[in-house]
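Visitor: I would like the atomic coordinates for the input below:
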Amino acid sequence: MKNDMNAPGHPDDRKNTMDLPELGTSLLNRVPPRLLSTAERYLKSIPLLRNRLAKETDSMLAGLEGDLKPYRGKLPTYDKLPAKGLARQEVLREMGQMEEKEEDRWRDGLVSGAVYHGDSEHIDFLNRVYAINSQSNPLHADLWPSATKFEAEVVAMTANMLGAAEANAGRAPEEHICGSVSSGGTESIMLAMKTYRDWAHETKGITRPEMVAPSSAHPAFDKAAHYFGIKMVRVPVGEDYRADVKATRKAINRNTIVLIGSAPGFPHGVIDPIEELSELARKRGIGFHTDCCLGGFVLPWARRLGYPVPAFDFRLPGVTSMSADTHKFGYAAKGSSVVLYRGTELRSHQYYTATEWPGGIYFSPTFSGSRPGALIASAWAALVSTGEEGYLDATKRILETAATIKRGIRAIPDLHVLGEPLFVIAFGSNTLDIYKVMERMSAKGWSLNGLHKPAAVHLCVTQRHTQPGVAERFLEDLKAAVEHVRANPGEKGTMAPVYGMAGTVPFRGLISDLLKKYMDLIYKV
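Guide: Purely as a prediction, here's the structure:
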């Protein structure tokens, strides 16, 4: 396993390691992953060590349970259906109590990403759109042709924004940029990877498909590899946190079906060298997917505003598919994204059809059969009501706010910004435990994203942060958090050990077990 302890911005591992049995972390990080996995299975079979690990993880999770379940003892708990249905007003009252408790942090801009617009008038508008279309289902196109109209136009508007006009020029209609609406970025990515698998099998006879992705690419690609039997080949990123083109070239073989690049990547907010990577794919006759889930509705407008945005979309001939989330900076309601392809022939491998079922012929363009037409309608409404002028204005304010925050972080001793991001700002420290800084920020109401390899924290800047005083408050609180951690190096926290463990413990199965227990806790009534 690659040891990132000396990577730029990564603090000394001793500052982040959880109080586990001595495992020789620095030595074990040099052991190949396959041998580590075997060793881990052996160590976990030893009762003393297994019990110690269980005790440590259970202790950490016990400290988190109160935060995950804040309504216990304050609101009724339902572990079975009530004998008599609650009055609707009572249901609304309970929901209102929870909403009131939860909305302050995101409305005040204390959250990284998560809520990308958040203006009350915009939310009310989308809620009205949803109510009008609440019963629609694209599966029944004869009943709700409005749903198919909305979906086709959302795809077309998104494609046009991402270079379709230039890509389509002089091309036959079947070669034009096309796509579909999905439930979110993960489904868009999984649909694309399933599409490449089936395309490569049918056109090239590949039965052991592989994809090549930088280490920074979203885990949705790993999920697709896991579900669809594709081998994931991860390549490193450079010192600038962008995909390594040379390493990518070396990783390509006769089973490679698709290369991946992010614009930008979620962890560090930097844009991979899409032009070089996609040209590699084009010359080898394989697919290239630009993951633009985060930046799809920012980068085109940033370019229009004069920011130095490198080529990343269908203007590049090697880009054969893209994903862009309408429910992020497209400002639609949660639960919608767009996946795009260069031509209907490629998209056809995404579709599913059944012709022998006694219930009649069946087909679906995405993974779901029934789909919420109301969410597609809300995406359409968000796009047409915002328009080019609205996206330009929002992007301008977001990028100006991000510039203020980047300057402020760079001015704080002990902190540095990773790479050259636009609006997703990752920062770390060579001298302090950055996870303790994050935890101190959490105590002040901020919800930030913890990263590892290297250890860092990031803030995804949204319209919520462009409100007067939010950027200034963030920088003031961050400066105070750094000063507190510097003055109290031995102070322990709740989440800092979890992130430290994830970043330094070489046994990845141990981390996986912890995450599974965390998910079990989420489902606990």
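Visitor: so which elements touch the helix ranked longest in the chain?
Guide: Across the chain, the longest stretch assigned as helix under DSSP state H is helix 373-410. Identification of packing neighbours for helix 373-410 by 3 or more Cβ pairs under 8 Å, 6 or more residues apart in numbering; DSSP states H and E yields helix 120-132, helix 145-161, helix 299-304, strand 416-417, strand 424-428, helix 470-487. Heads up, the C-betas are built off the backbone N, CA and C, glycines and all.
Visitor: flag every buried residue along it.
Guide: By neighbour count on 16 or more other Cβ atoms under 10 Å, the buried set for helix 373-410 is 373-383, 386, 391-392, 394-396, 398-399, 401-406, 408-409.
Visitor: give the rounded mean pLDDT of it.
Guide: Across helix 373-410, the average pLDDT comes to 98.
Visitor: strands along the chain, start to end?
Guide: Ranges of strands within the chain are 177-182, 210-214, 231-235, 256-262, 287-291, 321-324, 337-342, 352-354, 362-364, 416-417, 424-428, 449-451, 456-460, based on DSSP state E.
Visitor: paired strands for the longest one, with orientation please.
Guide: Sheet neighbours of strand 256-262, with direction, are listed as strand 210-214 (parallel), strand 287-291 (parallel) (DSSP bridges).
Visitor: which positions in the last one come out as buried?
Guide: Going by neighbour count (16+ other Cβ under 10 Å), the buried part of strand 287-291 is Gly287, Phe288, His289, Thr290, Asp291.
Visitor: for the first one, what are its contacts?
Guide: The neighbours of Gly287, taking Cβ atoms under 8 Å, 6 or more residues apart in numbering as the test, are Tyr196, Trp199, Ala200, Ile257, Val258, Leu259, Ala281, Thr320, Ser321, Leu346.
Visitor: I'd like those residues written out as JSON lines, with neighbour count and distance to Val245 added.
Guide: Converted to JSON lines, those look like this (neighbours: other Cβ atoms under 10 Å; distance: Cβ to Cβ, whole Å):
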{"residue": "Tyr196", "neighbour count": "29", "distance to Val245": "20"}
{"residue": "Trp199", "neighbour count": "24", "distance to Val245": "24"}
{"residue": "Ala200", "neighbour count": "22", "distance to Val245": "22"}
{"residue": "Ile257", "neighbour count": "24", "distance to Val245": "19"}
{"residue": "Val258", "neighbour count": "25", "distance to Val245": "16"}
{"residue": "Leu259", "neighbour count": "30", "distance to Val245": "10"}
{"residue": "Ala281", "neighbour count": "25", "distance to Val245": "11"}
{"residue": "Thr320", "neighbour count": "27", "distance to Val245": "18"}
{"residue": "Ser321", "neighbour count": "27", "distance to Val245": "19"}
{"residue": "Leu346", "neighbour count": "20", "distance to Val245": "24"}
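Visitor: please convert the residues you listed to CSV, extending it with distance to Val115.
Guide: Below are these laid out as CSV (distance: Cβ to Cβ, whole Å):
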residue, distance to Val115
Tyr196, 33
Trp199, 36
Ala200, 38
Ile257, 36
Val258, 32
Leu259, 33
Ala281, 35
Thr320, 32
Ser321, 28
Leu346, 34
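Visitor: so which of the residues you listed is the closest to Val482?
Guide: The closest of the contacts of Gly287 to Val482 turns out to be Leu259 (Cβ to Cβ; 39.0 Å).
Visitor: correct me, but that closest one touches Arg282?
Guide: No: with contact defined as Cβ atoms under 8 Å, Leu259 and Arg282 do not form a contacting pair (9.9 Å).
Visitor: overlap in contacts of those two?
Guide: Residues touching both Leu259 and Arg282 (Cβ under 8 Å, 6+ apart): Phe288.
Visitor: shaky segments in this protein?
Guide: Within the chain, the segments meeting pLDDT under 70 span 1-46, 48-50, 52-53, 56, 493-510.
Visitor: quick one: contacts of stretch 187-202?
Guide: Applying Cβ under 8 Å, 6+ apart, the contact partners of stretch 187-202 are 180, 182, 206-207, 209, 211, 218, 220-221, 223-225, 227-230, 257-258, 286-287, 289, 291, 293, 321, 323-325, 337-339, 341, 346-347, 349-350, 366-367.
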